[in-house]
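Colleague: give the three-dimensional model of this entry:
(chains A, B, C and D)
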2 protein chains.
Amino acid sequence: MAVTIRDVARASGVHISTVSRTFSAPHLVNPETRSRVLATAEQLGYRPNRAARALITGRTHNIGLIVADIANPFFPPLIKAAETHARRRDYHVFVADTDEDPIVEAELVQALAKQVDGILLCSPRMSDDQIEQLRREVPLVVINRMITGLPAVVMDVGHGARQAVRHLLDLGHDHLVYLAGPRGSWTNREIRRAAGATARAAGAELTVLGPHQPVEEAGAAAAEAVLATGATGVLAYNDLMAIGLLQALQDRDIAVPGQVSVIGIDDIAYSGLVRPKLTTVANPTAAAGRAAVDMLLQQGDDGATGQVTLRTDLIIRNSTGPGPLTPAAATTAEVAATVKE
Amino acid sequence: MAVTIRDVARASGVHISTVSRTFSAPHLVNPETRSRVLATAEQLGYRPNRAARALITGRTHNIGLIVADIANPFFPPLIKAAETHARRRDYHVFVADTDEDPIVEAELVQALAKQVDGILLCSPRMSDDQIEQLRREVPLVVINRMITGLPAVVMDVGHGARQAVRHLLDLGHDHLVYLAGPRGSWTNREIRRAAGATARAAGAELTVLGPHQPVEEAGAAAAEAVLATGATGVLAYNDLMAIGLLQALQDRDIAVPGQVSVIGIDDIAYSGLVRPKLTTVANPTAAAGRAAVDMLLQQGDDGATGQVTLRTDLIIRNSTGPGPLTPAAATTAEVAATVKE
DNA sequence: CTCCATTCGGCAAACGTTTGCAACAGATTA
DNA sequence: TAATCTGTTGCAAACGTTTGCCGAATGGAG
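Modeller: Modelled structure (predicted):
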C-alpha cells in the first residue's frame, strides 16, 4: 500500500541501501545518484517508515513530556516551546497529563519508556527514589526539581521569592503569609525556604498556610484563613491561587492592594488581565522547555548530567501597595525602585 | 540491552510465538502456560517493543492531535480529554501546534502521517481541498469544521450565537457588533451567519468588524472601532478577544455592562475570573475531544464517516446589561429569564 | 604499466514483533 | 478402529529500514 524504500530503489535503478543512504547518510552517495533518488522519492511520495527505522537504530525520534495538568496555564507555553524546538530537530513530542497524581505519573513514564528516546518530567510529584528508579529505564530530564545526579532544568524561584518578600517588606508589611502549594513539590519547598529566610532576616513574621492544590478554588478557599492571621502581605505558590484569593477578597470587600497586598508566581497570561493586575514572579517557561529538550537530546552523546538554572524575576503590577508601616508619602512606584538589584 | 520476547521465551521454556500470543491473543494459549509466561515476563521486566509491533501490524497505536495554539486556553481542556480518553484505549497522543499557520498545519499532518493511526484536526485553517487531499494519506477527524464526506465533531456555535444575539436584543440593544475571528475559520463563518440572521430577523443592525487574530490584543485593539460604530452590544469570536475588549473599554472609562454589553464565546476558565464576569457561550470541548477520539478509532472498522454535533449554550454573567431600548425597570435577571428555551 | 587509495554502491544480516501454516495430542464421532 | 475435530504449540516468513563488509571502478603516484 504505502510506498517503501524498495519502490524508490526500483524506480531509480539503484539498490535499496543506496536509497537508505541517500536519506540517512547523504555524504556517502554520489551527488548525481542522490539527486536522482531524491527526485523519484519525491515523485512517488515516499516517506521513511519511522517504526522500521526505530526498530533497527533503537532511536524513535520521539520524546515524552509529562506535566501535572495541561489545563494549568503555566504549562502550555512550556509545552509549546518544547514541541516547536523538538520538531526543529526532527523529534516529535508525546504530551501526557498526570492529573497531579504521582501514581499516574509513574505509570506514564513506564508506558512511554519504550516508545521514546527520553522523557521530560515537569515538576514531578514522585519521590526522588522513584525517579532514580525510572531513570534506569529511560533517559530523563527533570524540570523544576533538583535531584543530585539527574539532569535538570530549574527555574530559580528562590530568587523571585526573595525579591517578592523584600518587595512586601519594603512596602511596609511586617506580617506575611505564604500560601503553600502541593505536597511533594520541589518548587513549593524552595519558595517557602527562600521566603522564610528573607522574612526572618528582616525580623518580620511569615505564616505558612497549606498545603493546597495549585488552583484558584484553593486560593479562594484560603481567604478566610489569610484574613484570620492578620497579615497584610501574601505570597502565593502560583498565580492561579493568587487570582483565586484576589477574587475572594474582592467578594468580601477587602481592598487589594489597599488593605492586603498579593503576589503570585509564574506570570501566566492571565495575571495581567485580572484587576488589579497581579504582581508576580515571572518564570521563563519557554526557555526552560527548550533547554530541557536540548539537554535530553545531548544526553545520549556524553553522559554529562548538567543542571541548568534559569532566573526568575519579580514583576510589579497593581496588586501590591503600601503596608501599615509605610509613611503615607511613599508610593508603590518609589518603593518599587528599591527592589531593582 | 532491553529484554525482548526472546528472553522471556527462553526463560519460560516456550517458543517466542507463544510469548507473543500471550500478549496479543491470550485466548489462543493454555491458561497454565499463559500465567507462567506472564510471570517470567513480569519478573524480567519485559515490555513489548511498539516499533516492532507497529512495523508488522501497520498500527502504531498513536494518534496525532493538531491545534492552532496550545497556549490558547480553549484547547487544553480538549487536549486533556482526548489524551486521557485515548490512553484508556492504549493509544498515545502526539500534540502539535501550528501557530495558526495553514502551511505549518499541512506540514505537520504530513510529518505525523506515517507515525500515527490517525489525526485529529482542530479548527483547521487549511482549504477544504487540502484537507481532502491529506485525508488520502492518513485517517482524519476534523473538529469544529464541517466538510462533506469527512468525519467531524462540531460544536454548534450557531445555536449559542443565536442565543447570545437574542439575549442582547431582549436587553434592548438594537445595534450590535460582531468582532470576527480569523479568516478561514469555519466557526467564524457559522457565528457570523447565525448572528446576522438573528439580528436581521429582529430588525436590528449588526456590524461585522474583522477579521482578527483570536487573541486579547486584537480585542483590545478593536475597542476604538467598536465605539465608533455606536453599537451598544458586542459579540466576540472568542473569550480572549472579549476579555481584551473588556480591558480596553475599562481603560477608556466605558462602563461594562453600563454603556456597552459584551459577550464572548468558549467559556474558557478565565471568563469567570475577569471583572465583570464574562457572559459567554459554553463549548463542550472535553466532550468534543473524547468524541473525536472515538470516531477516529472506530473509523478503521467501518468506513462510516459520521458527523457529531455538540450543543453550545449561553451562560449569562455580568458583562451584559440593559440597553438603550429597555424600560429602566427591567433588570438583567428578568430579561435573562426570557432567553431560556 | 602496476599498485594503492579512495569513492561508490551492492549484498545480506539484523532489529523485535506478528501470524499463516503445519504438527501433534487427545477427545469425539462414525 | 479409523476418521475427524479441537486446542495448543512450534516454525518461519514477513514488516521497512540501517549498516558492516566487500568488490568494482576510478584516478593518481611511482
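
Colleague: in the stretch 1-150 of chain A, where is pLDDT below threshold?
Modeller: A:1 (pLDDT under 70).

Colleague: up against DNA strand D, what does it have?
Modeller: Listed as neighbours of DNA strand D in the stretch 1-150 of chain A under the rule Cβ under 7 Å from any atom of the strand: A:2, A:4-6, A:16-17, A:20-21, A:23-25, A:46-49, A:52-53, A:55-57. Using the backbone N, CA and C atoms, a C-beta is placed for each residue, glycine as well.

Colleague: could you redo the last one with a cut-off of 6 Å?
Modeller: Within reach of DNA strand D by Cβ under 6 Å from any atom of the strand, the stretch 1-150 of chain A has these residues: A:2, A:4-5, A:16-17, A:20-21, A:23-24, A:48-49, A:52-53, A:55-57.

Colleague: which two of the residues you listed have the greatest separation?
Modeller: With distances taken as Cβ to Cβ, the most widely separated pair in those is A:A2 and A:R21, at 20.6 Å.

Colleague: who has more neighbours out of these two?
Modeller: The neighbour count for A:A2 versus A:R21, taken as other Cβ atoms under 10 Å in any protein chain shown, is higher for A:R21 (18 against 12).

Colleague: in the host helix or strand of the more buried one, which residues are buried?
Modeller: Using DSSP states H and E, the element containing A:R21 is helix A:16-24. Within helix A:16-24, the residues that count as buried by 16 or more other Cβ atoms under 10 Å in any protein chain shown are A:T18, A:V19, A:S20, A:R21, A:T22, A:F23.

Colleague: how about that helix and DNA strand C, any contact?
Modeller: Yes - legend: contact between helix A:16-24 and DNA strand C by Cβ under 6 Å from any atom of the strand is shown at A:S17, A:T18.

Colleague: show the subsequent helix or strand relative to that helix.
Modeller: For helix A:16-24, the succeeding helix or strand toward the C-terminus, using DSSP H and E, is helix A:31-44.

Colleague: so which elements touch the following helix or strand past that following helix?
Modeller: Using DSSP H and E, the next helix or strand after helix A:31-44 towards the C-terminus is helix A:50-57. Secondary-structure packing of helix A:50-57 (3 or more Cβ pairs under 8 Å, 6 or more residues apart in numbering or on different chains; DSSP states H and E): helix B:50-57.

Colleague: next, the angle from the helix it packs on to helix B:16-24.
Modeller: Interaxial angle, helix B:50-57 versus helix B:16-24 (axes from the mean of the first three to the mean of the last three Cα atoms, to 10 degrees): 100 degrees.

Colleague: what's in contact with helix B:50-57?
Modeller: The contact list for helix B:50-57 (Cβ atoms under 8 Å, 6 or more residues apart in numbering or on different chains) reads A:N49, A:R50, A:A51, A:A52, A:A54, A:L55, A:T60, A:K114, A:Q115, B:T60, B:H61.

Colleague: which helices and strands does the helix or strand just after that helix pack with?
Modeller: Later in the chain than helix B:50-57, the nearest helix or strand by DSSP H and E is strand B:62-67. Using 3+ Cβ pairs under 8 Å, 6+ apart, the elements in contact with strand B:62-67 are helix B:75-88, strand B:92-97, helix B:102-113, strand B:119-122, helix B:285-299.
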